[in-house]
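Colleague: my questions concern the predicted model and sequence given below.
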Number of protein chains: 2
Amino acid sequence: MNPTACLLVIGNEVLSGRTQDAHIHFLAARLGRIGIPLREARVIPDVAEIIVSTVNEVRARFDHVFTTGGIGPTHDDITSESIAAAFGVPWEPHPEAWARMERHYKPGDFNPARQRMATMPRGATLIDNPISVAPGFSIGNVHVMAGVPRIMQAMFEALAPRLQGGPPIISATVHAAGVQEGAIAEGLADIQQRHPQLDLGSYPYYRPGDRGVAIVAKGTDPVEAEAAIGEVAALFRALGAMPVAGDPA
Amino acid sequence: MNPTACLLVIGNEVLSGRTQDAHIHFLAARLGRIGIPLREARVIPDVAEIIVSTVNEVRARFDHVFTTGGIGPTHDDITSESIAAAFGVPWEPHPEAWARMERHYKPGDFNPARQRMATMPRGATLIDNPISVAPGFSIGNVHVMAGVPRIMQAMFEALAPRLQGGPPIISATVHAAGVQEGAIAEGLADIQQRHPQLDLGSYPYYRPGDRGVAIVAKGTDPVEAEAAIGEVAALFRALGAMPVAGDPA
């Protein structure tokens, strides 16, 4: 069995429509490759009680919880202290984070707002930030990362070697033009039943002059995924359509 | 007080990283404009028990719940029957939906898989689908829409006139190059305290040769939002930076 992951995107900017979230897509793909499939993602606001209750709910349900956002220096950055509250531990200066940031800033610039970025739940393990110094951290099974996508992604790469994944989630895909989902649904359900270990998804596509459907088999066994996709190709052919491996270009 | 909204994006394809979600961003912006701010969004898999328990949790907590995905004809499309289970009502042919789809398909093509798309929780009110016929539906405060973004957006526009919003959520923005969040954090917290009705967000931006920070004031009172942004501009000037209205280009 693969360990599971949940992502909490913390930030009003996604819920207000100001920002298009980029974290879900990045982490979904990246976690699949290291065999820790993402099972749920939530976007929640910068509200302490909501962060605390959500973190406590999902850290009990999933093997890993990743958070993004809310660890900067401003008044709306309350993720770190909320995580401390969720774990019931003190929120206090982290000596190594403090030392890194003190070295980074000019004398006098390491002000109280920035000192908050070096203040963490007791027991936190740092996640390096090769881009802008201020580290993220892990506590228990919760991994706390920045909200700026470039920084989050660098933090994830720093963290990844510490994560123990299962077999990578792989996929096989076939598509056919001119096929409608409703025409293959019954045959597809039969194939899914014959391969209960796989997750068979059906994705219609609509482009000018090119409509059809792509079928994706996901799982940890590449041989079984290819076998199921072969059965889907036969289903397409039985309808007089031409199966083509992979996604439509 | 504005009514609140929660979005459930239902679909393995977002959690596997196959698809970049487009619903959160669209609905966040669109719901803000009609005064029903989005307070939470979740991406959950095509698993009946998870859909049922999540719908029941969030329909009690929010004024409106919007779902996307899982109402097509294939085996992994289980949103509609799961919503019926969540409400404890029968899942049965909806006469008007059935009639629309029967008219649309050639004789013989309205097969059992497609008939599932005309099967709905008892008491559902249709949401028109001007693109591909098969309707969405509302039941109680839950609005069930398609997963293909173009179809979801058309359904939302068909639904919107039935939704009773509050005052629109508006925003005012100012940015300044060369300013770091850590330098303005304290002053910004003071401004937030003076305007507790507003939500003041701080968003650093990093571009080649252009770094700075944008401050956004959100709320329902445009005069107060502009006043707060004026105070932020003064804060920028006090640091020797040049405030510019709006977001960086």
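Modeller: Looks like it came in fine.

Colleague: point to the residue nearest the middle of chain A.
Modeller: A:Leu27 (3.0 Å; Cα atoms, centre = their mean).

Colleague: so that residue touches A:Gln153, yeah?
Modeller: No: shown here, A:Leu27 and A:Gln153 do not form a contact pair, counting by Cβ atoms under 8 Å, at 9.1 Å. Using the backbone N, CA and C atoms, a C-beta is placed for each residue, glycine as well.

Colleague: if we can go back for a sec, who's in contact with the residue nearest to the centre of chain A?
Modeller: For A:Leu27, the contacting residues are A:Ala5, A:Leu7, A:Leu38, A:Ala41, A:Phe66, A:Phe156, B:Gly17, by Cβ atoms under 8 Å, 6 or more residues apart in numbering or on different chains.

Colleague: which pLDDT value belongs to the closest residue to A:Glu40 other than its chain neighbours?
Modeller: Once flanking residues are discounted, A:Glu40 sits nearest to A:Cys6: 4.7 Å by Cβ to Cβ, 6 or more residues apart in numbering or on different chains. On pLDDT, A:Cys6 comes in at 98.

Colleague: SS state for A:Cys6?
Modeller: strand (DSSP: H, G, I helix; E, B strand; the rest coil).

Colleague: that one reaches A:Arg42, doesn't it?
Modeller: Yes: between A:Cys6 and A:Arg42 there is a contact at 7.5 Å, judged by Cβ under 8 Å.

Colleague: more neighbours, the two?
Modeller: Using other Cβ atoms under 10 Å in any protein chain shown, the more surrounded residue of A:Cys6 and A:Arg42 is A:Cys6, with 23 against 20.

Colleague: for the more buried one, what are its contacts?
Modeller: So A:Cys6 contacts A:Leu38, A:Arg39, A:Glu40, A:Ala41, A:Arg42, A:Val58, A:Arg61, A:Phe62, A:His64, A:Val65, A:Phe66 (Cβ under 8 Å, 6+ apart).

Colleague: count the residues that sit near the closest residue to A:Glu186 other than its chain neighbours.
Modeller: Once flanking residues are discounted, A:Glu186 sits nearest to B:Ala113: 5.7 Å by Cβ to Cβ, 6+ apart. Using other Cβ under 10 Å, B:Ala113 has 22 neighbouring residues.

Colleague: isn't there a strand covering B:Ala113?
Modeller: No: B:Ala113 is assigned helix when assessed by three-state DSSP, not a strand.

Colleague: quick check: which element contains A:Tyr203?
Modeller: A:Tyr203 belongs to strand A:199-207 when assigned by DSSP states H and E.

Colleague: show me what the following helix or strand past that strand is packed up against.
Modeller: Counting by DSSP H and E, the element after strand A:199-207 in chain order, helix or strand, is strand A:210-219. On a contact count with 3 or more Cβ pairs under 8 Å, 6 or more residues apart in numbering or on different chains; DSSP states H and E, strand A:210-219 meets strand A:170-177, helix A:181-194, strand A:199-207, helix A:222-238.

Colleague: so A:Phe66 touches A:Ser138, yeah?
Modeller: No: using Cβ under 8 Å, A:Phe66 is not in contact with A:Ser138; the gap is 9.7 Å.

Colleague: run through the residues that contact A:Gly219.
Modeller: Counting by Cβ under 8 Å, 6+ apart, A:Gly219 has contacts A:Ile169, A:Ile170, A:Ser171, A:His195, A:Gln197, A:Leu198, A:Asp199, A:Ala225.

Colleague: ok, now with 6 Å
Modeller: With contact taken as Cβ atoms under 6 Å, 6 or more residues apart in numbering or on different chains, A:Gly219 is in contact with A:Gln197, A:Leu198, A:Ala225.

Colleague: same check, this time on A:Trp91
Modeller: A:Glu81, A:Ala84, A:Thr119, A:Pro121.

Colleague: which non-adjacent residue is nearest A:Leu198?
Modeller: A:Gly219 (4.3 Å).

Colleague: one more: A:Thr54?
Modeller: With Cβ to Cβ, 6+ apart, the residue lying closest to A:Thr54 is A:Ile44, at 5.6 Å.

Colleague: about what we covered before: inside strands: which ones of the contacts of A:Cys6?
Modeller: A:Leu38, A:Arg39, A:Glu40, A:Ala41, A:Arg42, A:His64, A:Val65, A:Phe66 (DSSP state E).

Colleague: got the domain ranges for chain A?
Modeller: Listed by automatic domain parsing, the domain ranges of chain A are A:5-162, A:170-245.

Colleague: mind checking how far the first one is from the chain centre?
Modeller: Right, the one you point to is domain A:5-162. 13 Å (Cα atoms, centre = their mean, to the nearest Å).

Colleague: dump stretch A:46-66 to CSV, restricted to CA.
Modeller: Extracted in CSV, the C-alpha atoms of stretch A:46-66 (Å, rounded to 0.1, in the frame of the first residue of the first chain):
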residue,chain,number,x,y,z
ASP,A,46,-5.9,32.6,6.7
VAL,A,47,-8.1,32.1,9.8
ALA,A,48,-6.4,30.5,12.8
GLU,A,49,-9.3,28.4,14.0
ILE,A,50,-9.9,27.0,10.6
ILE,A,51,-6.2,26.2,10.1
VAL,A,52,-5.9,24.4,13.5
SER,A,53,-9.1,22.3,13.1
THR,A,54,-8.3,21.4,9.5
VAL,A,55,-4.7,20.4,10.2
ASN,A,56,-5.8,18.2,13.1
GLU,A,57,-8.5,16.5,11.0
VAL,A,58,-6.3,15.7,8.1
ARG,A,59,-3.1,14.8,9.9
ALA,A,60,-5.0,12.0,11.5
ARG,A,61,-6.5,10.8,8.2
PHE,A,62,-3.5,10.9,5.9
ASP,A,63,0.1,9.7,6.1
HIS,A,64,1.5,13.1,5.0
VAL,A,65,0.0,16.6,5.1
PHE,A,66,1.6,19.4,3.0
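
Colleague: which positions in it come out as buried?
Modeller: Neighbour-count burial for stretch A:46-66 flags A:46-47, A:50-52, A:54-55, A:58-59, A:62-66 (criterion: 16 or more other Cβ atoms under 10 Å in any protein chain shown).

Colleague: of the ones in strands among the contacts of A:Cys6, which pair is most distant in space?
Modeller: Greatest spatial distance among the ones in strands among the contacts of A:Cys6 (Cβ to Cβ): A:Arg42 and A:His64, at 14.3 Å.

Colleague: identify all contacting residues around the helix or strand bottoming out on mean pLDDT in chain A.
Modeller: The helix or strand of chain A with the poorest confidence is strand A:199-207; it has a mean of 92 (mean pLDDT, DSSP states H and E). Residues outside strand A:199-207 that contact it (Cβ under 6 Å, 6+ apart) are A:181, A:192, A:213-218, A:248, B:12-13, B:74, B:76.
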